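J.: Structural data only, the sequence is not supplied:
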């Protein structure tokens, strides 16, 4: 009995063990709080928002610069700074439309873009249907060639020489080059989407007496509406904004597309930068409107084909 009491008294005088245990519990709780999933999720959300803000600011700064300078005088616009105009000159846009051949460029852009998009949708969808349904070495080789078309850019010099050998007009040459430049990505999107459409549907239509054209245009093509919208939007944006390809073929002011009309405001000795900025804003409006209106269709069409296959 006396020995037990002595042991308890000694333990009471030196309570280091209990304190160390409590300290260990506190440290463990602190470590657990640092690795808490909610805390990690909060940090992930923070950095995501920060990256979006940085990306948004990076995009908005050039947009702000272009819009602001389009309302300045010729002298102020040449400085290309971020200050507001001393006087807002809304007449710059009227002058740009009157003197820059904008209506002619708009007409040329509409003709070329509509023609290219229609040809791309019509023929790329049919080619993708054949490549996806037929399991042969030839179809596999053609699919790989289509993938190379996405990676390898259009070679301008051979294209120019080839168009001159065939005596093609500038319009036709530009249309062919733009179709080739955007054809492969359309085939790739259609092929991915067609994997989600069962082949049994084809067999049922053929047993009912449907010809290949009726099978495709009456049964398969209506099912391709989501990815068709995606192809139309992506092709429209790429062709409408094209500058590097069309400049080699449409190299006269009468043939300029709306993106090329910017050259009408550059002279040998001076440049009207306020009209250049106004031209950039005007040429970008159709693209911005189409993208903001139909951006959901782009995402829906590109992800719908990933459900199967």
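T.: In hand now; what should we look at? The structure presented is a predicted model; accordingly, all values stated were derived computationally and were not measured.
J.: For the closest residue to residue 263 other than its chain neighbours, the count of nearby residues, please.
T.: Using C-beta to C-beta, 6 or more residues apart in numbering and skipping the chain neighbours, the partner closest in space to residue 263 is residue 256 (7.2 Å). Every residue, glycine included, has its C-beta placed from N, CA and C. For residue 256, the count of nearby residues is 23 (other C-beta atoms under 10 Å).
J.: helix, strand or coil for residue 256?
T.: Secondary structure, DSSP: H, G, I helix; E, B strand; the rest coil: residue 256 is coil.
J.: Show me what counts as buried in stretch 254-263.
T.: Judged by neighbour count (16 or more other C-beta atoms under 10 Å), stretch 254-263 contains these buried residues: 255-262.
J.: do the same with stretch 216-230
T.: Neighbour-count burial for stretch 216-230 flags 216, 219-221, 224, 226-230 (criterion: 16+ other C-beta under 10 Å).
J.: and if you look at stretch 69-79?
T.: 69-72, 76-77.
J.: Secondary structure element for the closest residue to residue 103 other than its chain neighbours, which one?
T.: In this structure, residue 103 finds its nearest non-sequential neighbour in residue 97, 7.1 Å apart by C-beta to C-beta, 6+ apart. Assigned by DSSP states H and E, residue 97 belongs to helix 91-99.
J.: distance between the next helix or strand after that helix and the chain's centre?
T.: The C-terminal neighbour of helix 91-99 among helices and strands, as given by DSSP H and E, is helix 102-133. Centre-to-centre, helix 102-133 and its host chain are 17 Å apart (C-alpha atoms, centre = their mean, to the nearest Å).
J.: Can you read off the pLDDT for the residue nearest to residue 103?
T.: Residue 97 carries a pLDDT score of 89 in this model.
J.: what does residue 263 give?
T.: With respect to pLDDT, residue 263 scores 84.
J.: ok, it touching residue 255?
T.: No - counting by C-beta atoms under 8 Å, residue 255 is not a contact partner of residue 263; they are 11.7 Å apart.
J.: Centre-most residue in the protein?
T.: The chain has residue 234 as the residue nearest its centroid, 6.9 Å off, counting by C-alpha atoms, centre = their mean.
J.: mind checking which helix or strand it is in?
T.: Residue-wise, residue 234 maps onto helix 225-240 under DSSP H and E.
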